[in-house]
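I would like the atomic coordinates for the input below:
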Amino acid sequence: MNALTDNEFDNFRRFILDAAGLSLSPAKKALVSGRLAKRLQVLKLASYSEYFALLKDAQDPDEVQTAIDLLTTNETYFFREPRHFDFLRSIATAARPGKPPLRVWSAACSSGEEAYSMAMVLADCLNGGPFQVTGTDISVRMLRCAHTGHYPEQRTQHIPPAYLKRFCLRGMGKQAGTLLVDRSLRQHVSFLQANLNAPLPDLGSFDVIFLRNVMIYFSIATKREVVGRVLANLKPGGYFCVGHTESLNDVSSAVTQLAPSIYRKP
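Next up, the predicted model:
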C-alpha cells in the first residue's frame, strides 16, 4: 500500500468537511492514514486515491458511511463535565408533577454514555415522573454500541456508586469485566442517526439540549449553521449546554448565557 500523500490527505479533509462539517488540521494526517489503512486492506486497494475515488463515486452509501465513521472523533465517558449534570439535576428537581414528560437531547451522543448519564439523573430526580432522552450521532458504528448500553467496566468509573448499583448490571461469566445499563433505564432512551451538518430528522422539541465538545471541530460558519439547526428544536425557556471550552460568542444570539457553557432560550 502506498503512503498517504499530502494531496490525498487534502481530498479526505474535503470529504469529511463536506459530509460532516468537520475541519481536520494538517496534524491529523497520521490519524487519517492509520484509520483508513485497514479499510484499504479489506477492500484490496493499493492506494488512498483508489479509496477516495470509490467514495467520490458515491455508488456505495454504506462505504461512505463507513468512511465517515472512521474519520469522526468519538471521545466520551459517563458524567463528563459533571457541572452540567448538576445543572440538569436542578432542572429535574424543580419540575412540577402533571407536566408533559421532560425531554432532553444529547445531540452528539457518540457511544451513548452522555445520554445514559442524563437518564440516570432524571430517573433519580423525577421519582417515577415521565421523561425521554434522545441521543443522536452521525456515526452508525457508535450508535450500535449506544443501543446496547453494554460497556467495559473501566469506562464506567465516573458513574456515582449509588447510580452504578441502581442502574447498572455487572457482567458475569463470559461478560465479566463489563456493565449493562438496566433495561428499566434504557426504555427511556432512544438513539437515531442525525448529521448536524444537514437538515435534521423530525425530533420534536426539547427542554434541555447538550451539544458538547463537538463545535471545536467546526469552522465559525458551520458552528452558526449547526447551532441554528439545533436550537430550532429547543423549547422557549429551554436550556442549552455546550462544552466547557466552547462558547456561543459570534455564533448565536438566540439564547442568553446563564453561566459559562450554559444558555437559556427566552
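
low-confidence ranges in this protein?
In the prediction, the chain carries residues with pLDDT under 70 at positions 1.

Where is the longest strand in it?
strand 234-242 (DSSP state E).

what element comes up after that one heading to the C-terminus?
Per DSSP states H and E, strand 234-242 leads on to strand 256-259 as the next helix or strand towards the C-terminus.

List the buried residues of the helix or strand just after that following strand.
On the C-terminal side of strand 256-259, the closest following helix or strand by DSSP H and E is strand 262-264. Neighbour counts over strand 262-264 (16 or more other CB atoms under 10 Å) mark I262, Y263 as buried. C-beta here means a position set from N, CA and C on the backbone, and glycine is covered the same way.

Give me the contact list for strand 262-264.
In this structure, residues lying in contact with strand 262-264 by CB atoms under 8 Å, 6 or more residues apart in numbering are 84, 87, 237-242, 248, 255-258.

buried sites along the longest strand of the chain?
Neighbour-count burial for strand 234-242 flags L234, G238, Y239, F240, C241, V242 (criterion: 16+ other CB under 10 Å).

what packs against the strand or helix carrying M118?
M118 is part of helix 113-126 when elements are defined by DSSP H and E. Taking 3 or more CB pairs under 8 Å, 6 or more residues apart in numbering; DSSP states H and E as the contact definition, the neighbouring helices and strands of helix 113-126 are helix 82-94, strand 102-106, strand 131-137, helix 161-167, helix 183-186, strand 189-193, strand 206-211.

How about K235: what's its closest non-neighbour residue?
S205 (4.7 Å; CB to CB, 6 or more residues apart in numbering).

looking at the helices and strands packed on helix 113-126, which is closest to N74?
Using CB to CB as the criterion, the shortest distance between N74 and those is 7.9 Å, found for strand 131-137.

contact partners of the very next helix or strand once past the closest one?
Past strand 131-137, further along toward the C-terminus, the next helix or strand under DSSP H and E is helix 140-148. Contacts of helix 140-148 with the rest of the structure, by CB under 8 Å, 6+ apart, involve 65, 69, 74, 109-112, 115, 135, 137, 151, 180, 191-193.

and the helix or strand just after helix 140-148, how far from the chain's centre?
Note on helix 140-148: by DSSP H and E, the next helix or strand toward the C-terminus is strand 150-152. Distance of strand 150-152 from the chain centroid (CA atoms, centre = their mean, to the nearest Å) equals 17 Å.

hmm, back to that, ok and the longest strand of the chain relative to strand 102-106, angle-wise?
Using axes from the mean of the first three to the mean of the last three CA atoms, to 10 degrees, the inter-axis angle of strand 234-242 relative to strand 102-106 is 40 degrees.
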